[in-house]
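Trainee: After the sequence you'll find the predicted model.
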Amino acid sequence: MSSYTLTPHGGAPAGRTVRVGWDAPLGTYFANAWDEPDGDAEPDHLVFAGGAPYDISDPLTVLELVAPYAVIPEDLRERLLADRDAEGDRFPGRPATNLVGTEALPYARTSQQADAIRAALR
């Protein structure tokens, strides 16, 4: 799994964290952005995407999701593509593939995602 922590835009709260990357065990790109609260409150999740198998297949999608919250390095799309190529898709054949894939399939957002999950379950 690759993960890049991005620099929040100026004026963002001090506790803002923004991350994108490639999750090989789920075969998806992911994006997360959140603000750490003061005290005991829960973090304010601004973006949480790519948490299901084959959820996001294009790195531009995650970069667009976090662009309002952080500076996007010019070469980040290429680095994310290289991470996917280097790490591959490790969702098929894992011990939890059947459970995770079966649970995620009814919630697939696109037919492409559903087809990829079905293929991994074979």
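Mentor: All right, it came through fine. Numbers count the residues shown, from 1 in each chain.

Trainee: Report all helices and strands that the helix or strand bottoming out on mean pLDDT in the chain contacts.
Mentor: Averaged element by element with mean pLDDT, DSSP states H and E, the chain has its least confident helix or strand at strand 44-49 (a mean of 92). Judged by 3 or more Cβ pairs under 8 Å, 6 or more residues apart in numbering; DSSP states H and E, strand 44-49 is in contact with strand 28-35, helix 59-66. All C-beta atoms are positioned from the backbone trio N, CA, C, and that covers glycine.

Trainee: quick one: which of the ones you listed is nearest residue 120?
Mentor: Of all those, strand 28-35 sits nearest to residue 120, with 11.8 Å by Cβ to Cβ.

Trainee: by contact count, what packs against the closest one?
Mentor: Packing contacts for strand 28-35, counted by 3+ Cβ pairs under 8 Å, 6+ apart, involve strand 16-23, strand 44-49, helix 59-66.

Trainee: Output the ones you listed as a markdown table; include the columns mean neighbour count and distance to residue 106.
Mentor: Shown next, in a markdown table, are the helices and strands packed on strand 28-35 (neighbours: other Cβ atoms under 10 Å; distance: least, Cβ to Cβ, whole Å):
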| stretch | mean neighbour count | distance to residue 106 |
| --- | --- | --- |
| strand 16-23 | 23 | 21 |
| strand 44-49 | 15 | 18 |
| helix 59-66 | 19 | 22 |
